[in-house]
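Structure for the following, please:
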Amino acid sequence: MIHTQILIVDEEQQIRSTLSRHLQREGFEVKEESDGLNALRQILNHRFDLVVLDTELPGIDSLELCAIIRSESNIPVVFISGKEGEHHKIDGFRAGADDFVLKPFSPREVVHRISGILRRISAQQIQCKKQAASSLIVLPRISLDPRAHKITVDGGPLDLTLKEYDLLYYLAEHAGKSFSRGHLIRNVWKYPYQGDCRTVDTHVKRLREKMNEVAPGSGVLIQTIRGYGYGITQS
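Purely as a prediction, here's the structure:
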């Protein structure tokens, strides 16, 4: 677990330092933030394996921050809260939390919970790799290796977030077909479509930019179907 990166987000310095100390003793690498906006910047610019998130944060609402994390990745989130009540837990789990811990808490218990979550995630990833198709998906200019979780354009590797990878993989796996934004929300993000297209449009924009950086002009491989959605050409 030496290379496991954990981000602790809590306004109280004592809680951050205590929990950080216990996690570091177990071999985790830890970063700390005291407010939601700085935490969001860290999450968007660094790779973390788990986020510990206080339910009361300055800068940005913790439920909103958790929802943003969920829209970008499957990073596990553990909420810590000073508020009792079933509805607080339900709100946290609805936002995408993997666990919910009440203050005051035992640091050792939180470390054990975190370790358990990461073990389950690791086991799931191993199982997914075993189940992944062994053959490459090869399209003009694009190659996808599901076992290595790798996508290349004109031979150059793309550095993608988990959701960017999932979206491009889905489109490439169904090359030649077009999908509405609602279909992509349901099948890539795995939550009900409620009429907001911005998530899909933003990810497609970023994908095209990254593709063009690696292989100029390759972003046009993701085709826009005006008023409908997106697809990838087979030729």
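
Next, the distance between the ends of stretch 210-230.
17 Å (CA to CA, to the nearest Å).

What residues sit buried inside that stretch?
K210, M211, V214, A215, S218, G219, L221, I222, G229, Y230 (16 or more other CB atoms under 10 Å). Using the backbone N, CA and C atoms, a C-beta is placed for each residue, glycine as well.

Give me the pLDDT for the fourth one.
pLDDT recorded at A215 is 94.

what's the answer for the fifth one, then?
For S218, the model assigns a pLDDT of 93.

ok, it - contacts?
R141, I142, V153, D154, M211, N212 (CB atoms under 8 Å, 6 or more residues apart in numbering).

What residue spans form the domains of the chain?
As given by automatic domain parsing, the domain ranges for the chain are 5-129, 137-232.

Quick one: end-to-end length of the shortest one, please.
What it means is domain 137-232. With CA to CA as the measure, domain 137-232 spans 13 Å from end to end.

starting at the chain centroid, how far to that domain?
Here the centre of domain 137-232 is set off from its chain's centre by 16 Å, with CA atoms, centre = their mean, to the nearest Å.

what's the answer for stretch 103-112, then?
25 Å.

Please work out the average pLDDT along it.
89.

Could you list the buried residues of it?
Within stretch 103-112, the residues that count as buried by 16+ other CB under 10 Å are P107, V110, V111.

same check, this time on stretch 12-27
Buried-residue list, stretch 12-27, by 16+ other CB under 10 Å: I15, R16, L19, S20, H22, L23.

what does that stretch rub up against?
Under the contact criterion CB under 8 Å, 6+ apart, stretch 12-27 has outside partners 1-2, 4, 6, 8, 10, 30, 32, 34, 52, 54, 80, 103, 107-108, 110-111, 114-115.

Strands - which of these land there?
Those of these mapping onto strands are I6, I8, V30, E32, V52, D54, I80, per DSSP state E.

of the residues you listed, buried ones?
I6, I8, V30, E32, V52, D54, I80.

quick one: contacts for the nearest residue to V153 once chain neighbours are set aside?
Nearest residue to V153 in three dimensions, chain neighbours excluded: A215, at 4.3 Å (CB to CB, 6 or more residues apart in numbering). By CB under 8 Å, 6+ apart, the residues touching A215 are R141, V153, D154, G156.

so how far is E29 from the residue positioned nearest the centre of the chain?
Ranked by distance to the mean C-alpha position of the chain (CA atoms, centre = their mean), the top residue is S73 at 0.9 Å. Distance of S73 to E29, given as CB to CB, to the nearest Å: 18 Å.

do the same with V9
From V9 over to E29 the distance is 16 Å, taken as CB to CB.

Between these two, tell me which one has more neighbours.
Using other CB atoms under 10 Å, the more surrounded residue of V9 and E29 is V9, with 27 against 14.

what's near enough to touch that one?
Contacts of V9 were listed using CB under 8 Å, 6+ apart, and they are 32-36, 39, 51-54, 57, 62, 65.

got the buried residues of stretch 103-112 as JSON lines, with distance to A97 columns?
Putting the buried residues of stretch 103-112 into JSON lines (distance: CB to CB, whole Å) gives the following:
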{"residue": "P107", "distance to A97": "19"}
{"residue": "V110", "distance to A97": "14"}
{"residue": "V111", "distance to A97": "17"}
